[in-house]
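Novice: Coordinates for the following, if possible.
(chains A, B and C)
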Amino acid sequence: MDDTKKICNTSSSDGVLLRMGLNDNKAGMQGLDKEKINKIIMEATKGSRFYENELKKDRQVNQRIEKMMQLKEKITTQQLLKAQLQSTSNYHARRFGVRAAMPGFIAKKLCPHLTIVPLNFEKYGKVSKEVREILAEYDPNFMPMGLDEAYLNITEHLEERLNWPENKRRFFFNTESTTENVLFEDNTPLIDDHPEQRDQLVENSVVFGTSAEEVVKEIRFRIEQKTQLTASAGIAPNTLLAKMCSDRNKPNGQCRIVPERQAVLDFLKDLPIRKVPGIGKVTEKMLKALGIVTCSELYQQRALLSLLFSEASWRNFLDISLGLGSTHLEKDGERKSMSTERTFSEMNTAEDQYSVCRELCRDLAQDLQKEGLKGKTVTLKLKNVNFEVKTRASTVLSSVSTEEEIFAVAKDLLGTEIDSVAPHPLRIRLMGVRVSGFLSEEEKKYQQKSITSFLKSGKEIGFLRLQPGKSNQEYFRNKSEASTTRSFFDRKRAARQLNGENPSLNESVGKQLFHDRKSSTNFVEETKKVTDLQNSTNVCKIFTCPVCFEDQSSNSLEELNRHIDVCLGGTLVKDTVEITKNYDSKENTCNFLPQFKNKNADECQKNKPDLLAGTDQSASTSDNSISNSTEKFTQIISDKPHRERQPSNLSDIAKNMCMKQCLFPKRISRDSEDHFEKTEHTEENSSSCFFEAKEDSVLVCPVCNSEQKTRSLVSFNRHVDVCLNKGLIQELTEKKYFPTKTSNMEISNRVGALSGGQQCTNPSQGTKRSGLTTSQSASKKAKSSNSKHTIEMFFK
DNA sequence: GCGGATCAC
DNA sequence: TATGGTGATCCGC
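Specialist: Numbering: from 1, shown residues only, chains lettered A, B, ... in the order given. As a prediction, the model looks like this:
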C-alpha cells in the first residue's frame, strides 16, 4: 500500500513533467540542466488546454498504476512462487519450442554468429543515396528504418574480408586539397611513381582491420568523409541488442556486445528499461512503481510481472531481460493502413469540417492509388480543442480507394459526431482519415477477375445513368462550390492575406463566410444534404447494378456496393472453382479449396481452442473430409519433419493446407515458404497445444535432451521445469525465488495460470488495459523481424 | 470489428 | 507561441 501511496501522491506537476518534460534518457542529453529546462516548460505551459489534458492523461496512468498495485497487494507468496515456476517454464517451452531435440539450445540462442549493426545517423539524419551505396557494399540487403536508421548484417562481409589485402581496406581523409581528391579517385600510379607522394598518402589515409569493430569504424568513416554525416552504431548478435548498444556511445561512437552470454547479461545488468525500444514513458512509470528500473530487475521480478501483465507483455519483458531479439533482418511486411491528418486552429462549423474531411479523403485517395491499395475500413480521427482524441471507424463490404468512396463513409462518421454534440458545435483542432483492412493479393485477383470477365463479356455499359440535376443542384452550386473548388486551407490562406496576415482574424473570417447560416441543427442537416450531393459528383444519379442491370432505389454508393457484392457472389463462386484446378504447391494456400478458404479460414482460427479440445467445429462446417482435429495435429507434428512429408492424395493435401491456413493464416498469406519449421511465432502459439493432441510421437526435453516417457504435457512441462531450474536459468535467479523445495513443487493448472491476465482483469471502470504493449515490435519493422530468430537460426 | 492507448520515428 | 504526422500494435469490449 505504501507503494501505491507513493505513486498517487506524486504531485501532479511531477507527473506531467514525466509526460511532457525533457527525456534526458536519450543519449546526448545528459549534459543539459534537466531541471531548469523542465521548469521553463512548466511555466510556459501551465494552464493551457494542452497542459490540462496532459494532467488528465497522467491521472489515468496513475489510476492504472493504482489498480495494478492493489492487485499486487493481493498476491500471496504462494502464488508468486507458483508463477515463478510457471512463467519460466512456460516461457521457455514456448519461446524455444520443445518439439525437437536440441541440446544446448538455449545457449545457442544467445550466441548466433551474427553481427547486426544499426547505424543511427545524427545531424540531418537522412540516409541519402550515397550513403545507401556505401551501406550496400557491406550488406546488399541492409534494412533502412525510417530516414535516419539502418540495420546491416555484416556477417558475410566479415568472412570475405578476412582475405582482403590491406589496400582494399585503406581509405583516405577527404581534405580540401584537390590533390587528395585525385588520390582518392585513383591512387595506384602515384604510389608507384612518386614515393614521397605515397608517404603523404599513407599519412592521409587509414587502414581498417578485419574485425567487426573495424568494419563499422570503416563504414562510419566513409560515411562521414562522403556526406559529413556522423553516425553511431552498435554491433551485437541481434537487433534488440544492437539497437540498444548503438545508443550507448552516442553521438558519433560505437559499441559492441560480443556474442557471449555473459557479455549480454553484463550489458543488460544495469541498463535502464527506458532504453529498451518499446518501453515508453508509461510502461517505464508502471514498472518503476513495481521497483523495476533495470533490465536485470525485469528478470528478477518475472513472476510478479507474469501475474500483473498480459502474456504478450511479460513474455516480452522476459525476452528483453535475456537479451533475446531478432537475428535476421526482414523486409517490411505489407502495409496495414494508410492515413492522413491535419492540425489547425479551432474549427467549429460543420461546413468547414466537411470540407476538410473531403480534402483529407482526397489526399488519402491519391496516396492509396499511388500504391494501388483499397481498404474496407475507414477511420475518422478527431481531436477536440481540449486535446481529447476520438476515433470512429466503419467497415464497409466493398473496399474503398477513391475520394468519393472514402468520403462517403467518413462524412457519415463525421455527421454522427457533429450530431452527438448538437446543438453545440463540434470544436476540433485536428481531423484525420485512415483507411485500413486492405485487400489481399488474392482478394484483389478475385475482384479484378470478376470485373474483367464482366467487361469482356460485352456488357460495357456504364452503370451510372446520369440524370439532369433538379432543384437541389442550384442550391449546391451556389452554396458549396467554393468549398469544393477551393480547399478549406486555400480559403483560410486567402482570408489571411485579405486581413493582412493576422492569424487572430481566422475565426471572424470563418464567421463572415457563413454569416447567413441558420440554427445549428438545421445547418447540419443542410450540410449533410450538400455533402450527399457532392458525393454524387454534383449530379443526381440513379445507380444501375452492373451485374443484374436493375436500377437501384438508393442513391448511396454504399448501398449500391452492397447490392453488387450480393450479385457478384455468383461470379465469385465461379472464379474460385476455376482456381481449384490450378493448385500451386508453392503457394501453400488453400485456394484449391475455395469454400474452406473463403468461409472457414477465419472461423478455423477462431475455433482453434475448440479444435484442440476435440469439439471440431470446422469439420462440421465443411465437408472437405476433415476427419477430426486429433488427426490433423498428429499429422503436423509427426516425427518426420513436416517439409519432407508429401501429401499422398488430395485429401491429405486438403488437410495439410487447411490446417496451415487455420493455424498460421497471417504468414501463409504473405510468403511462399514452408512456415512450419521456420516460424517460431507459430510455435509459440501452438506448441503446448501440439502436445496435448500428439499421440504417436515422443517428447524430448529441450534442455537435457532426454526422451520423456510421458505423453502428458503437464508431466512433460514439469520435467522441463526441473531441468530449467537446475540449469541455465538458475544462474540468473536470486536464491529466494528458488528454495530447493520449490523445484519439486507441484505445478498444476499451467495453462489456466498462464492467462494471468484473467487475474488482473479489471472489472470496474477506468482503464481498460490490464496489460501493456511493450513488444519491441511497436514499430512495424522491428516487429516483423522480432519473433522468429531462434528456431530458424538453429536449423540453419 | 471498434475505440482507446502506447510507442517509434 | 502553442504543442506534429504516420503507422503499428495491443487490450478490453
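
Novice: Can you show me the helices along the stretch 151-300 of chain A?
Specialist: A:155-161, A:178-185, A:188-193, A:195-203, A:212-227, A:239-246, A:261-269, A:281-289, A:295-300 (DSSP state H, counting those that start in this stretch).

Novice: most tightly surrounded among those helices?
Specialist: helix A:239-246 (a mean of 26; mean count of other CB atoms under 10 Å). Quick note: C-beta positions are derived from backbone N, CA and C, even for glycine.

Novice: Need the contact partners of that helix.
Specialist: A:116-120, A:151, A:232-236, A:254-257, A:264, A:267, A:271, A:275-277, A:319-320, A:323-327, A:329, A:776, A:782, A:785 (CB atoms under 8 Å, 6 or more residues apart in numbering).

Novice: residues of stretch A:407-422 that come out buried?
Specialist: For stretch A:407-422, the neighbour count (16 or more other CB atoms under 10 Å) marks A:407-415, A:417-418, A:422 as buried.

Novice: possible to save these as CSV with distance to residue A:222?
Specialist: Output for the buried residues of stretch A:407-422, formatted as CSV (distance: CB to CB, whole Å):
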residue, distance to residue A:222
A:407, 49
A:408, 53
A:409, 50
A:410, 48
A:411, 53
A:412, 55
A:413, 51
A:414, 52
A:415, 57
A:417, 54
A:418, 57
A:422, 63
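
Novice: Make CSV out of the residues you listed and add distance to DNA strand B.
Specialist: Shown next, in CSV, are these (distance: CB to the nearest atom of the strand, whole Å):
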residue, distance to DNA strand B
A:407, 17
A:408, 14
A:409, 9
A:410, 12
A:411, 15
A:412, 11
A:413, 8
A:414, 12
A:415, 13
A:417, 10
A:418, 15
A:422, 18
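
Novice: These also near DNA strand C: which ones?
Specialist: Subset of the buried residues of stretch A:407-422 in contact with DNA strand C: empty, counting by CB under 7 Å from any atom of the strand.

Novice: quick check, stretch A:282-298 touching DNA strand C?
Specialist: No - shown here: stretch A:282-298 not in contact with DNA strand C (CB under 7 Å from any atom of the strand), separated by at least 11.5 Å.

Novice: Quick check: residues of the stretch 401-550 of chain A near DNA strand C?
Specialist: A:429-430, A:432, A:434, A:436.

Novice: Pick out the most distant pair among those residues.
Specialist: A:429 and A:436 (23.6 Å; CB to CB).

Novice: in the stretch 251-400 of chain A, which spans are strands?
Specialist: A:254-256, A:337-347, A:375-384, A:389-400 (DSSP state E, counting those that start in this stretch).

Novice: mean confidence score for the third one?
Specialist: To tie it back to what came earlier, the one meant is strand A:375-384. Summarised as a single mean, pLDDT over strand A:375-384 is 97.

Novice: go on, the second one?
Specialist: The pLDDT scores in strand A:337-347 average 97.

Novice: Check whether it comes near DNA strand C.
Specialist: Yes - using CB under 7 Å from any atom of the strand, strand A:337-347 reaches DNA strand C at A:337-343, A:345.

Novice: among these, which are in reach of DNA strand B?
Specialist: Okay, of the residues of strand A:337-347 next to DNA strand C, nothing touches DNA strand B (CB under 7 Å from any atom of the strand).

Novice: Buried ones among the residues you listed?
Specialist: By 16+ other CB under 10 Å, the residues of strand A:337-347 next to DNA strand C give A:338, A:340-341 as buried.

Novice: Would you format those residues as a markdown table with distance to residue A:78 included?
Specialist: Formatted as a markdown table, those follow (distance: CB to CB, whole Å):
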| residue | distance to residue A:78 |
| --- | --- |
| A:338 | 50 |
| A:340 | 53 |
| A:341 | 50 |
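
Novice: ok, so what distance separates residue A:382 from residue A:252?
Specialist: From residue A:382 over to residue A:252 the distance is 43 Å, taken as CB to CB, to the nearest Å.
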